[in-house]
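Chemist: how does the following fold in three dimensions:
(one chain, ligands or ions: 1)
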Amino acid sequence: MPVEYVVPRPSQKTAPSPQATRREFLYLATAATTAIGVASLAWPFLDQMNPSADVIAAGGPVTVDISKVEPGQQIVVTWRGRPIFIVHRTPDALTALQSTSMLDRLRDPQSQALQQPPYAKNWSRSVKPEFAVLVGICTHLGCIPSFRPTVTADWPGGYLCQCHGSKYDLAGRVFRGVPAPYNLPVPPYRFENDATLVIGDNPQGSNFSLDDINQL
Ligand code: FES
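Modeler: All right, here's what the predicted structure looks like:
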């Protein structure tokens, strides 16, 4: 069944620079080319959470049922018009994220740059290690990286951005020697319960905003 997957234009904090314009172009172009594949996986979950048009337009929090996401799988939902990757990481993937040889290959392994909320500034860049929640937009020029979850001896699982070859691990941490300057952003989110995520809302006591990060 064909499913329409609409990725609206992201909002701008400042007047767009030539680079921002190119970032947006690449983002929209890759969104269009990956729409069918993303939608086929995301649709059951999007249908289930069923946010109102008002909530979508306002960029309000989006509730996602993650109970059917098996280890090794990713679903993609939209929040504020941006793709949000939600990954159920396997035990092998969690081990790879902590491997010192892999950490040496990353540009910012300790997440020093402000690309995540304080409650995700940890080794897994997440609230619960087994679930990654990432904004799926490459920090180079804004393409949507593709999911490469299989862990091998020299690959911890992660993402490849085919626009210019940037690579990220399954915590969204960027590798050294690629064009992307920053880790993938982590949006504000919280667990309502073990099976329910709320994207766009913080745990109690935090007021993190995606507008505060270095690079979207
Ligand atoms: S947009 Fe250039 S590597 Fe991702």
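
Chemist: which parts of the protein sit against the ligand?
Modeler: 26, 138, 140-143, 161, 163-166, 179-180 (C-beta under 6 Å from any ligand atom). Using the backbone N, CA and C atoms, a C-beta is placed for each residue, glycine as well.

Chemist: which of those scores worst on pLDDT?
Modeler: Model confidence across the residues of the chain next to the ligand bottoms out at L26, which has 55.

Chemist: residue boundaries of the helices in this protein?
Modeler: For the chain, the helices defined by DSSP state H cover 18-49, 53-58, 91-97, 100-103.

Chemist: and the residue positioned nearest the centre of the chain, what does it touch?
Modeler: Of all residues in the chain, the one closest to the mean position by C-alpha atoms, centre = their mean is L134, 2.2 Å from it. Residues in contact with L134 (C-beta atoms under 8 Å, 6 or more residues apart in numbering) are 84-85, 87, 125, 172, 184-187.

Chemist: and stretch 69-89, how far from the chain's centre?
Modeler: 7 Å (C-alpha atoms, centre = their mean, to the nearest Å).

Chemist: put the alpha carbons of stretch 148-156 into PDB.
Modeler: The C-alpha coordinates for stretch 148-156 follow below in PDB (Å, rounded to 0.1, in the frame of the first residue of the first chain):
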ATOM      1  CA  ARG A 148      23.700   0.000   8.900                       C
ATOM      2  CA  PRO A 149      23.100  -1.900  12.100                       C
ATOM      3  CA  THR A 150      25.100  -5.100  11.600                       C
ATOM      4  CA  VAL A 151      28.100  -5.300  14.000                       C
ATOM      5  CA  THR A 152      31.300  -6.700  12.600                       C
ATOM      6  CA  ALA A 153      34.900  -6.800  13.800                       C
ATOM      7  CA  ASP A 154      35.600  -3.300  12.400                       C
ATOM      8  CA  TRP A 155      32.100  -1.800  12.400                       C
ATOM      9  CA  PRO A 156      30.100  -1.100  15.600                       C
END
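
Chemist: hang on, the earlier thing: among the contacts of L134, which lie within strands?
Modeler: Counted as lying in strands by DSSP state E, out of the contacts of L134, are 84-85, 87.

Chemist: wait, which of those is closest to the ligand?
Modeler: F85 (14.4 Å; C-beta to the nearest ligand atom).

Chemist: how much space between that closest one and D154?
Modeler: Noted for F85: a distance of 22 Å to D154, by C-beta to C-beta, to the nearest Å.

Chemist: those two: which is more packed in?
Modeler: F85 (22 against 8; other C-beta atoms under 10 Å).

Chemist: what bridges to the more buried one?
Modeler: V76, L134 (DSSP bridges).

Chemist: need the contact list for it.
Modeler: F85 neighbours (C-beta under 8 Å, 6+ apart): 74, 76, 132-136, 147, 184.
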